[in-house]
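*Asks:* sequence isn't available, so here's the structure alone:
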Ligand code: TRP
Ligand code: SF4
């Protein structure tokens, strides 16, 4: 059976963009493949060492969202990167064959420096981000890696890494992973930009129904609709994009027609969304609340256990790589 692997940095509670983008994709794959999904806590440190104390809480909140939304630990192996030390050993070995210039040319390297500033990114670990990511992936001999477009360059880097190491040791110790880009609905935040924690425009699973209603009421709509009599273009409106996820197709068709001919106002349109979105999320939110209040300790214990399973799997390819590199060695 093919192997799927993906990771998320522990940024804390997940918003609708994370849930209906990446996570829904992970859930769809868990029935078809052998899946490994993990919390990339070391990756979080590469740009956020000053907030290192938040990583534990963020990890727990994120795993609770995973479970409430439908990721199933009976089907997929869930783990925490820092609990599987084999990733670190392979990262170290891979770093010996990685040209520094190549790392400096990875597109996200310059982009992130521009976005986050020198002070957060001027460290050796951040430069090595793609090397650690390569180790995460190839140590499980993953065939497929579900990621967003922003991670494609890292996947290409990983594929080249596999070719280099296999060539150097003259053995096929690792395999080239392929990215799995899924078609997921575009989700805009309340300000009309891409939904993102850093823009402060996101709706969270952990939000209450009242908070959700308030956010949707304040949401940007199609700017063409200054007055109720101005026709709109629903495809460009973030409210309509959410209707596409949370309202049935008949309602979506009706809204599309009545927005285009200006027979519905944005307030009514938003009220329908508030009702449908809260209805659909209610059972998931209740599950989240239950897990958070009653199962937090159990969840932590379980992920520690399943990290041991990941560790056993990771050991196999790490050992064969070491054998190929060193020949007879100390172990
Ligand atoms: N870099 C990924 C992100 O920010 C997280 C990640 C770390 C990852 N290691 C990975 C994703 C391995 C896929 C495979 O989204
Ligand atoms: Fe957006 Fe709905 Fe207003 Fe049309 S009516 S612009 S879809 S909020």
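*Replies:* Yep, that arrived. From a predicted model like this one, the values you see are computed outputs, not experimental measurements. Numbers count the residues shown, from 1 in each chain. Ligands and ions are numbered 1, 2, ... in the order given.

*Asks:* and the host helix or strand of residue 88, which residues are buried?
*Replies:* Using DSSP states H and E, residue 88 maps to helix 86-95. For helix 86-95, the neighbour count (16 or more other Cβ atoms under 10 Å) marks 86-87, 89-91, 93-95 as buried. No exception for glycine: its C-beta is placed from N, CA and C like everyone else's.

*Asks:* format those as JSON lines; extra columns: pLDDT.
*Replies:* Below are the buried residues of helix 86-95 laid out as JSON lines (pLDDT from 0 to 100):
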{"residue": "86", "pLDDT": "98"}
{"residue": "87", "pLDDT": "98"}
{"residue": "89", "pLDDT": "98"}
{"residue": "90", "pLDDT": "98"}
{"residue": "91", "pLDDT": "98"}
{"residue": "93", "pLDDT": "97"}
{"residue": "94", "pLDDT": "97"}
{"residue": "95", "pLDDT": "97"}
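
*Asks:* which among those gets closest to residue 295?
*Replies:* residue 87 (26.9 Å; Cβ to Cβ).

*Asks:* neighbours of the closest residue to that closest one other than its chain neighbours, how many?
*Replies:* In space, residue 87 comes closest to residue 135 once its chain neighbours are excluded; the distance is 5.1 Å by Cβ to Cβ, 6 or more residues apart in numbering. For residue 135, the neighbour count with other Cβ atoms under 10 Å is 26.

*Asks:* ok, residue 135 touching residue 98?
*Replies:* No. Counting by Cβ atoms under 8 Å, residue 135 stays clear of residue 98, with 10.8 Å between them.

*Asks:* strands along the stretch 51-200 of the chain, start to end?
*Replies:* Applying DSSP state E, counting those that start in this stretch to the stretch 51-200 of the chain gives strands spanning 77-80, 144-146, 178-180.

*Asks:* quick one: the first one to chain centroid distance?
*Replies:* On the basis of Cα atoms, centre = their mean, to the nearest Å, the separation between the geometric centre of strand 77-80 and that of its chain is 14 Å.

*Asks:* mind listing what that strand pairs with, with the direction of each?
*Replies:* Here strand 77-80 is paired, per DSSP bridges, with strand 34-39 (parallel).
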